[in-house]
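*Asks:* Here you go, sequence then predicted model.
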Amino acid sequence: MERLQLEVAEIFRRHGSAYRQQHAGSLSRGQRRVMSALERCRTAALGGHLEECDSCGHQRPAYNSCRDRHCPKCQSLARAQWLEDRQAELLPTPYFHVVFTAPGQIAAIAYQNKAEVYSILFRAVAETLRTIAADPKHLGAEIGFLVVLHSWGQNLLFHPHLYCVVPGGGLSPDGQRWIACRPAFFLPVRVLSHLFRRLFLEYLQTAFDTGKLQFFSSLERLRAPGAFAQHLAPLRQTEWVVYAKPPFWGPEQVLNYLGRYTHRVAISNHRLLDIDNGRVSFHWKDYRDHDRQKTMTLEADEFIRRFLLHVLPDGFQRIRHYGFLAHRYRQAKLARCRQLLGVGITPVAREDKPDYRDLYEKLTGKSLRDCSLCHCGHMVTIAALPPSDRAPPLNTP
Ligand SMILES: [Zn+2]
Ligand SMILES: [Zn+2]
């Protein structure tokens, strides 16, 4: 028999109610919603339908998904759909990726002011890339890029950083030429790092001055302007970590990378090793020790606490497009880029909403309709299953 895939959802189903009791006072509504979405995802609680194999008669329930963006189970379809949309936007250039990290002193403030500080991070990163690229000393072009926020490190602790994926070149100021980056070199990271630091601290100070930041418990002392200034002072002297990884050369590689990074959640199910005896063990990569793969074991309570650190503010956009890829101008500007790069315009045929099972098969090559028992028949819906809160949570892989 196949070993059942361990799931984050199972940890919440086993230890979620104890956690709710223990931390009733500090759980936000958003965190409670994510907990219950994960616990109910693809269980009888959400309802679904009963399927039967048209060849051997095998029956199985197919329960609905929670579709929450924090759910490790619900990412593959969202990711596949999103990648399909991006495919038409790829340009025949190398693609660079640049990562901007907020220092630890900022992470603590960010945790208590997620929406505000995340927005400032996006703004500072976008303005940094645009400004340095537009500078004739560097590239002298309008670039386009997408930025993804990750708030976690490998140990699931809070560590906000932004991944940027940037085609290697841009439009000349008069829009008449494509200006390419030098091969294997995008923009000087030290220059990026310094401007990012300056802009971020400037925007953070403005947010403080206009009363948009809040401080609780261990940070309460930062409410005083003097203490806040003192907290930030050393950050003006340190180097902020910005690094550029080697570029990708083909569209395939770019899509692959985007697929891995854009729809990630704090921890994916396949990193889980063991969830018994009230403890959770999982793989992690230790970047400080030559990227060695290690095992981390946490009490279930601590695992849940860390997972919930990464719940996003309601409606917060964690993938954003800028420059010639910004939504408002994307169509016209991308067409211009393609023209200047000498590639035709690929018209994107928009199909009507297909059944999610067909879509899943088309995008992943895996069928959700095959019978898992005889492997030759197809599963056909024979009855609807209404949502039921009384049924025990059945776990369907
Ligand atoms: Zn789900
Ligand atoms: Zn069958």
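*Replies:* All right, it came through fine. Numbering: from 1, shown residues only. Ligands and ions are numbered 1, 2, ... in the order given.
*Asks:* Any idea how many residues pack against whichever residue of the stretch 151-300 of the chain sits closest to ligand 2?
*Replies:* Closest approach between the stretch 151-300 of the chain and ligand 2, counting by Cβ to the ion: Asn269, at 26.4 Å. (Glycine included, C-beta is placed from N, CA and C.) Using other Cβ atoms under 10 Å, Asn269 has 16 neighbouring residues.
*Asks:* could you measure it against Ala24, distance?
*Replies:* 28 Å (Cβ to Cβ, to the nearest Å).
*Asks:* contacting residues for the residue of the stretch 151-300 of the chain closest to ligand 2?
*Replies:* Taking Cβ atoms under 8 Å, 6 or more residues apart in numbering, we find Asn269 in contact with Gln5, Leu6, Glu7, Val8, Pro72, Lys73.
*Asks:* which of those count as buried?
*Replies:* Leu6, Glu7, Val8, Pro72, Lys73 (16 or more other Cβ atoms under 10 Å).
*Asks:* Which of those residues sits closest to Asp276?
*Replies:* Leu6 (9.7 Å; Cβ to Cβ).
*Asks:* bridging residues for the residue nearest to the closest one when sequence neighbours are not counted?
*Replies:* Excluding the flanking residues, the one nearest Leu6 by Cβ to Cβ, 6 or more residues apart in numbering is Leu272, at 4.0 Å. Leu272 forms beta bridges with Phe282, as assigned by DSSP bridges.
*Asks:* Would you confirm that Leu272 contacts Phe282?
*Replies:* Yes: using Cβ atoms under 8 Å, Leu272 is in contact with Phe282, at 5.2 Å.
*Asks:* the more surrounded of those two?
*Replies:* When Leu272 and Phe282 are compared for neighbours, Phe282 comes out ahead with 24 against 20, by other Cβ under 10 Å.
*Asks:* Please name the residues that touch that one.
*Replies:* Contacts of Phe282 by Cβ under 8 Å, 6+ apart are Ile267, Arg271, Leu272, Leu273, Thr295, Met296.
*Asks:* Check the gap between it and Gly104 for me.
*Replies:* Taken as Cβ to Cβ, the span from Phe282 to Gly104 is 23 Å.
*Asks:* Next secondary structure element downstream of the lowest-mean-pLDDT helix or strand in the chain?
*Replies:* With mean pLDDT, DSSP states H and E as the measure, the helix or strand of the chain carrying the lowest mean pLDDT is helix 356-364 (a mean of 69). Using DSSP states H and E, the helix or strand that follows helix 356-364 in sequence is strand 379-385.
*Asks:* who does that following strand touch, helix- and strand-wise?
*Replies:* Counting contacts by 3 or more Cβ pairs under 8 Å, 6 or more residues apart in numbering; DSSP states H and E, strand 379-385 is packed against strand 48-53, strand 59-63.
*Asks:* got the residues of the stretch 51-200 of the chain near ligand 2?
*Replies:* Cys53, Ser55, Cys56, His58 (Cβ under 5 Å from the ion).
*Asks:* Does Cys66 lie in a helix or a strand, and which?
*Replies:* Counting by DSSP H and E, Cys66 is part of no helix or strand.
*Asks:* I figured it hits Ala45, correct?
*Replies:* No: using Cβ under 8 Å, Cys66 is not in contact with Ala45, being 9.6 Å away.
*Asks:* Show me which of those two is the more surrounded one.
*Replies:* Neighbour totals were compared for Cys66 and Ala45, and Cys66 leads with 23 against 20 (other Cβ under 10 Å).
*Asks:* which regions of the stretch 201-350 of the chain lie under the pLDDT threshold?
*Replies:* 344-350 (pLDDT under 70).
*Asks:* Could you give the number of residues near whichever residue of it sits closest to ligand 1?
*Replies:* Here the residue of the stretch 201-350 of the chain nearest ligand 1 is Val265; by Cβ to the ion that distance is 10.0 Å. Burial of Val265 is recorded as 20 neighbouring residues (other Cβ under 10 Å).
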